[in-house]
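Participant: quick check, what structure comes out for this input:
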Amino acid sequence: MTRQYNFCAGPAALPTAVLERARDEMLDYRGRGLSVMEMSHRSADFTAIAERAEADLRELLAVPDNYRVLFCQGGATMQFSMLPMNLLGSGGRANFIQTGIWSKKALVEAQNLGMACHVAADTDAEGNLAVPRPDALDISDDAAYLHYAANETIGGLAFDYVPRTQRSDGAAVPVVGDLSSTILSGPIDVSQFGIIYAGAQKNIGPAGLTLVIVRDDLLDQAQAVMPGLFSYRAMASAGSMVNTPPTYAWYLAGLVFEWLKNDIGGLAAMSAINQRKADKLYTAIDDSGLYANPVASHNRSRMNVPFTLADARLDGEFLREAGDAGLLNLKGHRSVGGMRASLYNAVPEAAVDALTAFMADFEQRKG
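Facilitator: Down below sits the predicted model:
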């Protein structure tokens, strides 16, 4: 079987080496005579898998000791509810930077729960083509935290800084970052965040797992009454095993962490590869007369590259021919149309080379 190049925004490509190892361990994990999917999450074997995965993640991201790592369920979307329920128990308002569909969904969910919210910045009127500059953020005097999406997967808009904010009384405001599309794509300073969360199905592993990294002092800011499975404190106290966790997704995430450490050489090496991939594709777009990307250059995402064709009537033909050439899942999100190539960690550089070569040939024939 020949694997094709998968540019899906999520569930996204997984490293071939990880899939091969999972295949080899599928029926018989290390001579135990059963699959990881079949073993108890309380067993010594799975406990070792979980502990190794967390240790490798902590090493990759240099997670400080005063942060807990939680392996949760429900997708990143569930965090839209969990965050205000865990952080607004002592009062104050949730502040939001609204730069696209996913950051807006986080805001709307908090509002639907009846939580006190404040919009610190909103770029919707400008088409969400650039992020607000740090001095444009309007932080409320009662801000309990500031939420932002570091990378808008659909619009291909990425922050080029981590917001660092204070209230008018000088108190630091914890920053909550949705890093679903960018986590593990390069080094980050975890200490700049109060909470980081990320759905697994882009750079971590398969869908069904959500990673949350939370600073210790934020574990006890929750509402008095809330579902037990929504409590960060409960999850931290139980080692992410309040109930049966998504064990196989956790195991696969651990294999991805090992791949990043041992095969790639860490996040600095991964970042260099990702930068080369993004540079190649944006150059192909910018140097063409057929393709376009409107996002401000300093806010272009390395992970999700949307682009349009000058003649939208060619979209169907482009996608059809791309599929025939082994370039899969290039159709843009249904809400915006056009094309989108997601260049997550597991997408090899050769995939981008093949895509840009196809784009040049298509433009020569159709442009």
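Participant: so what's the residue nearest in space to the middle of the chain up against?
Facilitator: Ranked by distance to the mean C-alpha position of the chain (CA atoms, centre = their mean), the top residue is residue 180 at 1.4 Å. By CB atoms under 8 Å, 6 or more residues apart in numbering, the contact list for residue 180 reads 76, 102, 149, 151, 153, 197-199, 202. Any C-beta I mention is one placed from the backbone N, CA and C, and that applies to glycine too.
Participant: number of residues surrounding residue 329?
Facilitator: The number of residues packed around residue 329, counting by other CB atoms under 10 Å, is 20.
Participant: check the gap between the closest residue in space to residue 74 that isn't next to it in sequence and residue 73 for me.
Facilitator: Of all residues not flanking residue 74 in the chain, residue 210 sits nearest, at 6.2 Å (CB to CB, 6 or more residues apart in numbering). Between residue 210 and residue 73 the computed distance is 7 Å (CB to CB, to the nearest Å).
Participant: more crowded one of the two?
Facilitator: residue 210 (25 against 16).
Participant: isn't that one right up against residue 72?
Facilitator: Yes: assessed by CB atoms under 8 Å, residue 210 is found in contact with residue 72 at 4.5 Å.
Participant: overlap in contacts, those two.
Facilitator: Counting by CB under 8 Å, 6+ apart, the contacts common to residue 210 and residue 72 are 78-79.
Participant: in the protein, which spans are strands?
Facilitator: Under the criterion DSSP state E, the chain contains strands at 5-6, 67-72, 93-98, 117-122, 143-149, 151-152, 157-158, 175-178, 195-199, 210-215, 291-292, 304-309, 327-328, 339-342.
Participant: the fourth one pairs with which strands, parallel or anti?
Facilitator: Applying DSSP bridges, strand 117-122 is found paired with strand 93-98 (parallel).
Participant: again with the second one
Facilitator: Neighbouring strands of strand 67-72 in its sheet, by DSSP bridges, are strand 210-215 (antiparallel).
Participant: and the longest one, by the same measure?
Facilitator: The strands that strand 143-149 pairs with in its sheet are strand 93-98 (parallel), strand 175-178 (parallel) (by DSSP bridges).
Participant: list the buried residues in stretch 248-261.
Facilitator: 248-260 (16 or more other CB atoms under 10 Å).
Participant: domain ranges for the chain?
Facilitator: 17-262, 266-366 (automatic domain parsing).
Participant: residue 6 is nearest to which of those?
Facilitator: domain 266-366 (5.0 Å; CB to CB).
Participant: start to end distance for the closest one?
Facilitator: 41 Å (CA to CA, to the nearest Å).
Participant: swap in stretch 241-260?
Facilitator: Per CA to CA, the first residue of stretch 241-260 is 25 Å away from its last.
Participant: residue 88 against residue 221, yeah?
Facilitator: Yes: the criterion here is CB under 8 Å, and residue 88 meets it with residue 221 at 7.4 Å.
Participant: common neighbours of those two, please.
Facilitator: Shared contacts of residue 88 and residue 221, counting by CB under 8 Å, 6+ apart, come down to residue 144.
Participant: those helices in the stretch 101-250 of the chain, which residues are they?
Facilitator: 101-112, 232-237, 247-258 (DSSP state H, counting those that start in this stretch).
Participant: mind putting those into a markdown table with mean pLDDT?
Facilitator: What follows is those, written out as a markdown table (pLDDT from 0 to 100):
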| stretch | mean pLDDT |
| --- | --- |
| helix 101-112 | 96 |
| helix 232-237 | 96 |
| helix 247-258 | 98 |
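Participant: returning to that earlier point: roughly how far does the residue nearest to residue 74 sit from residue 109?
Facilitator: Going from residue 210 to residue 109 by CB to CB gives 15 Å.
Participant: please apply the same query to residue 332.
Facilitator: 24 Å.
Participant: and what of residue 352?
Facilitator: 35 Å.
Participant: now swap in residue 155 and tell me
Facilitator: Taken as CB to CB, the span from residue 155 to residue 109 is 19 Å.
Participant: which of the two has more neighbours?
Facilitator: residue 155 (26 against 19).
Participant: dump the lengthiest helix in the chain to CSV, restricted to CA.
Facilitator: Longest helix in the chain, counting residues (DSSP state H): helix 267-286. Extracted C-alpha coordinates of helix 267-286, given in CSV (Å, rounded to 0.1, in the frame of the first residue of the first chain):
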residue,chain,number,x,y,z
LEU,A,267,11.0,20.8,19.3
ALA,A,268,13.7,23.2,18.0
ALA,A,269,14.4,20.7,15.2
MET,A,270,10.7,20.3,14.6
SER,A,271,10.3,24.0,14.4
ALA,A,272,12.9,24.4,11.7
ILE,A,273,11.3,21.7,9.6
ASN,A,274,7.9,23.4,10.0
GLN,A,275,9.3,26.8,9.0
ARG,A,276,10.8,25.3,5.8
LYS,A,277,7.5,23.7,4.9
ALA,A,278,5.5,26.9,5.5
ASP,A,279,8.0,29.1,3.7
LYS,A,280,7.9,26.8,0.6
LEU,A,281,4.1,26.9,0.4
TYR,A,282,3.7,30.6,1.0
THR,A,283,6.4,31.4,-1.5
ALA,A,284,4.5,29.3,-4.1
ILE,A,285,1.3,31.2,-3.3
ASP,A,286,2.9,34.7,-3.3
